[in-house]
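**Student:** Give me coordinates for this.
(one chain, ligands or ions: 1)
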Amino acid sequence: MPQIQVTLLKGRPQEEITALGKALTEAAASALAVAPEVVRVSVVECEPTNWFVGGESMAQRRGTGHA
Ligand SMILES: O=C(O)/C=C/C=C(\O)C(=O)O
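**Tutor:** Residues are numbered from 1 along each chain as shown. Predicted coordinates for the structure are as follows:
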């Protein structure tokens, strides 16, 4: 069965995460011609201190105005 994992920075409202799960399920079901019931979506939330871009954490980048 199709399985999609998404990593987001922690802090988004639950409504957005729920909407993303629904949208990804519908997109995968349509593109792959399978029933939505077989699609799995997991959303992993990452602390900004643990997400690095160019060697600098998102927490650092936010503090310096880069993010
Ligand atoms: O990697 C980046 O530059 C930014 C990532 C942002 C997200 O993943 C988010 O908004 O959740």
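
**Student:** in the chain, which spans are strands?
**Tutor:** 3-9, 40-46, 52-53, 56-57 (DSSP state E).

**Student:** ok now the second one, how far from the chain's centre?
**Tutor:** What that stands for is strand 40-46. In terms of CA atoms, centre = their mean, to the nearest Å, the centre of strand 40-46 is found 6 Å from the chain centre.

**Student:** in its sheet, what does it sit against?
**Tutor:** Sheet pairing here is set by DSSP bridges, and for strand 40-46 it gives strand 3-9 (parallel).

**Student:** what sits up against the strand it pairs with?
**Tutor:** 17, 20, 24, 28, 39-46, 48, 51, 58 (CB atoms under 8 Å, 6 or more residues apart in numbering). Just so you know, the C-beta spots here come from the backbone N, C-alpha and C atoms, and that holds for glycine as well.

**Student:** mind redoing it with 6 Å?
**Tutor:** Residues from elsewhere that reach strand 3-9, judged by CB atoms under 6 Å, 6 or more residues apart in numbering: 24, 40-46, 48.

**Student:** Could you do stretch 41-56 as well?
**Tutor:** Counting by CB under 6 Å, 6+ apart, 4-10, 17, 21, 24-25, 57-59 sit against stretch 41-56.

**Student:** tell me how far the ends of that stretch are from each other?
**Tutor:** One end of stretch 41-56 to the other measures 28 Å (CA to CA, to the nearest Å).

**Student:** ok, now stretch 30-46?
**Tutor:** Length of stretch 30-46, first residue to last, CA to CA: 29 Å.
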